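Undergrad: how would this look folded up:
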Amino acid sequence: MMAVSDALPNINRRSLLIGGGVGVGLFVAWGVWPRSYAPNLTAAKGETVFGAWLKIGLDGHVTVAVAQAEHGQGVYTTLPQILADELGADWRTVAVQPAPLNPLYANAMAADVLFEGVFDALPAPLRSGHAARTALVLTGGSTSVRAFEDDLRDAGAAARVLLCKAAAKRWKVDWQACGTAGGFVIHGTDRIRFGEIAAEAAGGTLPNPLPLRSGEANRLLGQSLPRLDVPSKVDGSANFAGDVRLPDMVFAAIRQGPVGDTKLISVDRAAAGRIRGVLSVATNDNWVAAIGSNWWAANQALAAMRPRFQTRGAIISSSSIDDALTAALDGPGERMAAEGDLSAAFKGARLVTAEYSAGLAVHAAVETMTATAHYADGRLQLWLPTQAPGLARAAAAAVLGLSEDNVVVYPMLIGGSFGANLEHLAAEQAAILAEKLKRPVQLVWSRSEDMMHDRYRPPAAARMSARLGPNGQILGWLAKIAAPTTGRELAGRLMGGDKAARAALALPAVGDAYAVAGAKPIYRIPAYAIDHHPAEIGVPTGHWRSGAHSYTAFFTECFLDELAHVAGTEPLSFRIGMLGGDARLARCLSTAASLGGWEGGIPGSGQGIACHSFRGSHIAVLAEAHIDEGQVPVVDRIVAAVDCGRQINPDVVRQQIEGGLIFGMAAALSGATTFTENVADARTFGDIALPRLADTPDITVEMIRSEADPGGVGELGVPPIAPAIANALQASTGFRMRTLPLTPGEA
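TA: Residues are numbered from 1 along each chain as shown. Got it, this is the predicted structure:
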């Protein structure tokens, strides 16, 4: 047991409720923490609360609390669908609301994915309970369904039992003879609406274990039910952070200095004052903000002021980043995974080698960083798009010197994100401005500001080595990967006030598991090793859709294709032959090849194939591509076969796979930024050549039926698409491109 480092007076269950009590970001011994937490879901007039996840109104409406941010991935539909199915609700009456901050909604699975490996050195009891003890409410890592399916199913089952008991009492029958469907409790010909008996049902006793629904009749699971968030998004009534309007509110735009050790040294305030609508200017060492009666005026003022920043320290450029990666590869690495005797496999053997790299990738969400803040009477309110509301709240409280119980966060719908809204810098800036101005303020980063101060997907470089046996089998495999320690960086930046995080980060580093996630081969290779070579590049990095899998899959699946060519084996057969007993992934490969009319990836075919397994799901992608007359890679067709286990809502799954494929394609062909003198060169969507509708290829997605537990799908399409395209371009041109984004003429 780790020793208690701080005295903790008056710890009780009430103080642990994040929504209405004191924050719990203290690292303490396991024994002093309660193992259960009281719900703090509130009811409107006419509503009855059933635990932490559900409310039922007198009119029969069912409101489900969702502890995950909706940024287009469909959690405002799939998570309520799980509960509604178990409850027996009428989908037409189901609504959704963001869950309040509470340890009950902590997502330990997302914490493991996003801060992978950071807490591994801590004692197991402390590590396993850290997310709940700190109310670490996170959205990320394709974990929403996997993390909350059981909780939501149990909540639906509990409410169904209580409603059946209340109805049975009225009818004087055995409650176990009652059922639910379409928002009614049913017993023979007797029917009663949920709303009529909700109040008397709540608070009843529950059997242990809870009986779950069985059978296929009247089930909502597996149906492509209409998304709950779509109608309001289509008609414009959905509220995003930029739609917030408060009395006496002003608008702010901001300009921050180059990355690195930067300080603001001068601004032309008089120039800002000459722009109609500008009200004031606020500065600190790190940024200048213009405040106006409208955002356009404020943003124009930034340009007029011509802010000057002084940057101390190293000059950061694309060449310096490349040099840092090369130096890291030439230096010592940390062995992150290994199996078999690789030294024996490589001894005296002729090795096949190749080097690959991936550049800084931008998030480029439609919605830029934004936050609305109102500070009054020592209390701060924040409206913002956030995947980590508790962390945003803690950060805003810290910059103003407030206790967390004096900060209220209202999570908003998010206009994309892809991991960007794990960060909370805009919340801190808005809080500072609101306290300074003494009136509500809405801060919106411009597109150029958003792209220049993104927390980019880290760059990476890999040296791949393998030994082939006489029959073409891979006998040994070594992946040496240079990349920043993004997992530790994320933990340090996002959880700086969390003593457990600080304690974990203070322990000796043994590499960063996040930086090489996905590099462990999915194939049966008797001897392999994965080494991480930490690289200091001077540019902040963060979580990006699928994380390191986006480049490790590229390294692995491209190198595997090269090995197949050396072995004189057709790439599909080469892969399937090494999968061993992984029938699910083998079926994905054979299905994609069959649907796509796989010709063997022969020269001139323009076909490439790749596969990947992660987050409990499996995918294979066949791509067809060529180089056009302007020496630009063009993707003509994509065929994907997916096994993600049971599908809660097949349409939402398909949307996420298609979206991930297009997102990954954009990053493979463009979607990156170079650096010049500490400033990102990409400032607009045009600078990263995002694909338009006319550039989108024909896409076929085949969902393979499976009764396995649901796997993640939000990120699944991203990792395999880049290597599939690269392999297709090699088949089309005879030339291997080993750098992301894929650029003709660059190996």
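
Undergrad: can you pull out the helices in the stretch 1-150 of the chain?
TA: Applying DSSP state H, counting those that start in this stretch to the stretch 1-150 of the chain gives helices spanning 75-87, 108-114, 124-133, 144-171.

Undergrad: Give me whichever of those is most buried.
TA: Among these, helix 75-87 has the highest mean neighbour count (mean count of other C-beta atoms under 10 Å), at a mean of 26. Where you see a C-beta, it was placed from the backbone N, CA and C, and this is true even at glycine.

Undergrad: now that helix against helix 144-171, angle please.
TA: 40 degrees (axes from the mean of the first three to the mean of the last three C-alpha atoms, to 10 degrees).

Undergrad: picking that back up, the helices of the stretch 1-150 of the chain: lowest mean pLDDT?
TA: When the helices of the stretch 1-150 of the chain are ranked by mean pLDDT, helix 124-133 comes last with a mean of 72.

Undergrad: that older thread, which stretch among the helices of the stretch 1-150 of the chain comes nearest A567?
TA: helix 108-114 (34.5 Å; C-beta to C-beta).

Undergrad: Now do the closest one: everything it contacts.
TA: Contacts with helix 108-114, where a contact means C-beta atoms under 8 Å, 6 or more residues apart in numbering, come from 128, 130-132, 136, 138-143, 146-147, 422, 487, 490, 514, 543, 547, 615.

Undergrad: returning to that earlier point: can you check which of the helices of the stretch 1-150 of the chain gets nearest to A461?
TA: helix 108-114 (23.1 Å).

Undergrad: In CSV, list the C-alpha atoms belonging to that closest one.
TA: This file holds the C-alpha atoms of helix 108-114, laid out as CSV (Å, rounded to 0.1, in the frame of the first residue of the first chain):
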residue,chain,number,x,y,z
ALA,A,108,-11.4,3.8,-16.5
MET,A,109,-11.2,2.2,-19.9
ALA,A,110,-10.6,5.5,-21.7
ALA,A,111,-8.1,6.5,-19.0
ASP,A,112,-6.1,3.3,-19.8
VAL,A,113,-6.2,4.0,-23.5
LEU,A,114,-5.4,7.7,-23.4
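
Undergrad: one step back: turn the helices of the stretch 1-150 of the chain into CSV, columns for distance to A479.
TA: Converted to CSV, the helices of the stretch 1-150 of the chain look like this (distance: least, C-beta to C-beta, whole Å):
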stretch, distance to A479
helix 75-87, 34
helix 108-114, 20
helix 124-133, 27
helix 144-171, 27
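
Undergrad: quick one: which of those helices is nearest G242?
TA: For G242, the closest of the helices of the stretch 1-150 of the chain is helix 75-87, at 18.8 Å, according to C-beta to C-beta.

Undergrad: list the helices and strands the closest one packs on?
TA: On a contact count with 3 or more C-beta pairs under 8 Å, 6 or more residues apart in numbering; DSSP states H and E, helix 75-87 meets strand 62-66, strand 94-98, helix 144-171.

Undergrad: Dump these to CSV, plus distance to S590.
TA: Below are the helices and strands packed on helix 75-87 laid out as CSV (distance: least, C-beta to C-beta, whole Å):
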stretch, distance to S590
strand 62-66, 37
strand 94-98, 39
helix 144-171, 26
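
Undergrad: Which of these sits closest to T386?
TA: Short answer: strand 94-98, nearest of these by C-beta to C-beta, at 10.1 Å.

Undergrad: out of the helices and strands packed on helix 75-87, nearest to S448?
TA: That would be, of these and by C-beta to C-beta, strand 94-98, which comes in at 30.5 Å.

Undergrad: which residues sit against that closest one?
TA: Identification of contacts with strand 94-98 by C-beta under 8 Å, 6+ apart yields 61-67, 69, 76, 79-80, 84, 228-229, 410-411.

Undergrad: Closest one of these to Q300?
TA: Looking across the contacts of strand 94-98 and measuring by C-beta to C-beta, the closest to Q300 is Y410, at 29.1 Å.

Undergrad: Near the closest one, how many other residues are there?
TA: When neighbours are counted by other C-beta atoms under 10 Å, Y410 registers 15.

Undergrad: Specify the beta-bridge partners of the spatially closest residue to it that is not a sequence neighbour.
TA: Closest residue to Y410 apart from its sequence neighbours, by C-beta to C-beta, 6 or more residues apart in numbering: W383 at 4.6 Å. Per DSSP bridges, the residues bridged to W383 are T372, Y410.

Undergrad: Would you confirm that W383 contacts A392?
TA: No. Counting by C-beta atoms under 8 Å, W383 sits too far from A392 to count as a contact (11.0 Å).

Undergrad: The stretch 251-400 of the chain: strands as residue ranges?
TA: 261-266, 278-283, 287-292, 308-312, 334-339, 352-358, 370-376, 379-384 (DSSP state E, counting those that start in this stretch).

Undergrad: Direction included, what does the third one pair against?
TA: It stands for strand 287-292. strand 250-256 (antiparallel), strand 278-283 (antiparallel).

Undergrad: Determine which stretch of the ones you listed is the most buried.
TA: strand 250-256 (a mean of 23).

Undergrad: Show me the contact partners of it.
TA: Strand 250-256 is touched from outside by 262, 279, 282, 286-295, 297-299, 301-302, 305, 307, 429-430, 433, 437, 439-446, 449, 452-453, with contacts defined as C-beta under 8 Å, 6+ apart.
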